[in-house]
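S.K.: sequence first, predicted model second:
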Amino acid sequence: MVLAMGTSAFILPQTSGPIVARGKGALFTVHPSLALSGAIASSDGGGSGPAVLDKPETIEKSRVEDSVKEKEKHGSEGWEVRLFNDPMNKREFVARCLTEICGMSDGQSFQVMMQAHQSGVAVIGRYNFELAELYHNSLRDNGLLVDMRPVDDDA
C-alpha cells in the first residue's frame, strides 16, 4: 500500500490496525478504512498520482418573497419623518441637526424647526423606508423627539 502525503509517498505494509507514518517532522495516524477507501492512499498497482476530489453538491434554496408586503414596508416615498417640539433642545441645535443630518438648507431647517416649535409637530420630509429610518435614528441619537410613520402614496 502506498500512502501519499503532499509530495512524499510511503510504502506501508498491509495491517488491520491504524497506520502510523512520519513526514516532515510530523506524525500521522491513518485508520485502515480511510487508507483502503482510496481517499488517502492507493494500492501498489494504482500508482501515486494526485488525488481527485469530487465537487460537493450544492443545494440551492429558493427565496419566496411577498412582494406586496415588501412594497408596503419599503414603498417609494412612503414614510414621513416627523419632528416634535421639546423643551430640552435649543432651537439653533435642532436646526443645525436638521441641516447636518437631513441635508436641508439653513432656511428649510429653520422653517421645520419653527413649525414644530409653534404647532408642536412638523413633517421633516417623505422618504423611502431606508432613508427615513436613517434620518429617524440619527436625529433620535442626537436627542430630538422624532418618529416615522407610513403614508399612502395616493394621498
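M.R.: Sure, I can see it.
S.K.: what about residue 123, which SS state?
M.R.: strand (DSSP: H, G, I helix; E, B strand; the rest coil).
S.K.: I'd assumed residue 81 was in contact with it.
M.R.: Yes. Counting by Cβ atoms under 8 Å, residue 123 does reach residue 81; the two are 7.5 Å apart. Every residue, glycine included, has its C-beta placed from N, CA and C.
S.K.: now stretch 57-64 - C-alpha only, PDB.
M.R.: This file holds the C-alpha atoms of stretch 57-64, laid out as PDB (Å, rounded to 0.1, in the frame of the first residue of the first chain):
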ATOM      1  CA  GLU A  57     -23.200  19.000  -4.000                       C
ATOM      2  CA  THR A  58     -24.700  22.400  -3.900                       C
ATOM      3  CA  ILE A  59     -28.300  22.800  -2.700                       C
ATOM      4  CA  GLU A  60     -30.000  26.000  -3.900                       C
ATOM      5  CA  LYS A  61     -32.700  27.400  -1.800                       C
ATOM      6  CA  SER A  62     -35.300  29.500  -3.500                       C
ATOM      7  CA  ARG A  63     -36.400  32.600  -1.600                       C
ATOM      8  CA  VAL A  64     -40.100  33.200  -1.700                       C
END
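S.K.: that older thread, more crowded one of residue 123 and residue 81?
M.R.: Neighbour count, other Cβ atoms under 10 Å: between residue 123 and residue 81, residue 81 has more, with 22 against 14.
S.K.: what strand or helix carries that one?
M.R.: Assessed by DSSP states H and E, residue 81 sits inside strand 79-84.
S.K.: let me know the average pLDDT across the following helix or strand past that strand.
M.R.: Next along the chain after strand 79-84, taking DSSP H and E as the criterion, comes helix 91-102. Averaged over helix 91-102, pLDDT sits at 96.
S.K.: what's helix 91-102 packed up against?
M.R.: Here helix 91-102 touches strand 79-84, helix 106-119, strand 121-127, helix 129-141, going by 3 or more Cβ pairs under 8 Å, 6 or more residues apart in numbering; DSSP states H and E.
S.K.: C-alpha coordinates for that helix, PDB please?
M.R.: Presented in PDB, the C-alpha positions along helix 91-102 are these (Å, rounded to 0.1, in the frame of the first residue of the first chain):
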ATOM      1  CA  ARG A  91     -33.900  75.900  18.500                       C
ATOM      2  CA  GLU A  92     -30.500  76.500  17.000                       C
ATOM      3  CA  PHE A  93     -29.400  73.000  17.900                       C
ATOM      4  CA  VAL A  94     -32.500  71.500  16.300                       C
ATOM      5  CA  ALA A  95     -32.000  73.500  13.100                       C
ATOM      6  CA  ARG A  96     -28.300  72.500  12.900                       C
ATOM      7  CA  CYS A  97     -29.200  68.800  13.300                       C
ATOM      8  CA  LEU A  98     -31.700  69.000  10.500                       C
ATOM      9  CA  THR A  99     -29.100  70.700   8.300                       C
ATOM     10  CA  GLU A 100     -26.300  68.300   9.000                       C
ATOM     11  CA  ILE A 101     -28.200  65.000   9.200                       C
ATOM     12  CA  CYS A 102     -31.100  65.500   6.700                       C
END
